[in-house]
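Undergrad: Here is a sequence together with a model predicted from it:
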Amino acid sequence: MSAPGAAEPRIVFGFHAVLASLRADAASVIEIFVDEARNDARAKDLAAAAGKAGIKVMRVSAKRLDGFQGGGRHQGVVARVLPRKPGHSVDELLETIDRPLLLVLDGVTDPHNLGACLRVANAAGAHGVIAPKDRAAGVSATVSKVASGAAEITPYFMVTNLARTLRELKERNIWVVGTDERAEKTLYEVDLPESIAWVLGAEGEGMRRLTRETCDLLVRVPMLGAVQSLNVSVAAGVCLFESVRRRTAA
């Protein structure tokens, strides 16, 4: 039983997410449950990694694994993990970075979309993801599973006032570039600085008015086919990797 006021453990499922939790902060992993029917190399490697970290691994039935909150496609492994302690603030993170590459999500409340965004942000080498506390999904078992381990290692900041945070980024000479389907120019037609925070809104709704007005620049992803919009994680990937491409070329 948790002590009064103690953080409640959350459920992490899937091999990628559980291994990422072990690598990122083994002390946060309370226990791991593995399907008793799995005796393959992947399950044995996980058990060995947990054993080295002193983490208890229990063999249980698939039915018991199915009963954990979050359920879904657990791949035969579930872990109980203490929530990550709040990491560095955005300011503290930026003090250690020369050319920040950030992803800002305004209104992304679907955990599958957040997980996919964290995954693509990590793949692009983004230094952090920022979202408003009042309009964003938090890190959950579903987010961890979709993120394939990125949720455990990618800094995710939920801020009280997004517009104020964006203004503070601008004060640090970080360009705040928003994506808007109504923008005159595409992201391929404009000069983009190396220090950049890409701002994306939820699919359909887009960014809030104040968020849009705070941006230094608005661009659009060119849509050449019949569809009119992209999933937010796909759009995030297009934008982040355009920054990666330009950095590499430079």
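TA: Happy to help now that I have it.
Undergrad: which helix of the chain spans the most residues?
TA: helix 232-249 (DSSP state H).
Undergrad: just checking, what packs against that helix?
TA: Judged by 3 or more C-beta pairs under 8 Å, 6 or more residues apart in numbering; DSSP states H and E, helix 232-249 is in contact with strand 101-106, helix 111-123, strand 175-179, strand 196-201. Every residue, glycine included, has its C-beta placed from N, CA and C.
Undergrad: got the angle between the shortest one and strand 196-201?
TA: Angle, strand 175-179 to strand 196-201, by axes from the mean of the first three to the mean of the last three C-alpha atoms, to 10 degrees: 30 degrees.
Undergrad: Could you do the longest one as well?
TA: With the same axes, to 10 degrees defining the directions, helix 111-123 sits at 170 degrees from strand 196-201.
Undergrad: and the helix or strand following helix 111-123 with strand 196-201, angle?
TA: Going down the chain from helix 111-123, the next helix or strand is strand 128-132, by DSSP states H and E. Calculated by the same axes, to 10 degrees, strand 128-132 forms an angle of 40 degrees with strand 196-201.
Undergrad: Can you list the strands that strand 128-132 pairs with?
TA: strand 101-106 (parallel), strand 156-159 (parallel) (DSSP bridges).
Undergrad: starting at the chain centroid, how far to the helix or strand just after that strand?
TA: Sequence-wise, the next helix or strand downstream of strand 128-132 (DSSP H and E) is helix 141-147. In terms of C-alpha atoms, centre = their mean, to the nearest Å, the centre of helix 141-147 is found 9 Å from the chain centre.
Undergrad: what residues go with each domain of this structure?
TA: Using automatic domain parsing, the domain ranges for the chain come out as 10-81, 90-249.
Undergrad: CSV please, covering the ones you listed and showing mean pLDDT and mean neighbour count.
TA: Converted to CSV, these look like this (pLDDT from 0 to 100; neighbours: other C-beta atoms under 10 Å):
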stretch, mean pLDDT, mean neighbour count
domain 10-81, 84, 17
domain 90-249, 92, 18
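Undergrad: picking that back up, could you dump the helices and strands packed on helix 232-249 into TSV with distance to A41 added?
TA: Shown next, in TSV, are the helices and strands packed on helix 232-249 (distance: least, C-beta to C-beta, whole Å):
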stretch	distance to A41
strand 101-106	35
helix 111-123	24
strand 175-179	42
strand 196-201	39
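Undergrad: who's in contact with W198?
TA: 102-104, 177-179, 236, 239-240, 243 (C-beta atoms under 8 Å, 6 or more residues apart in numbering).
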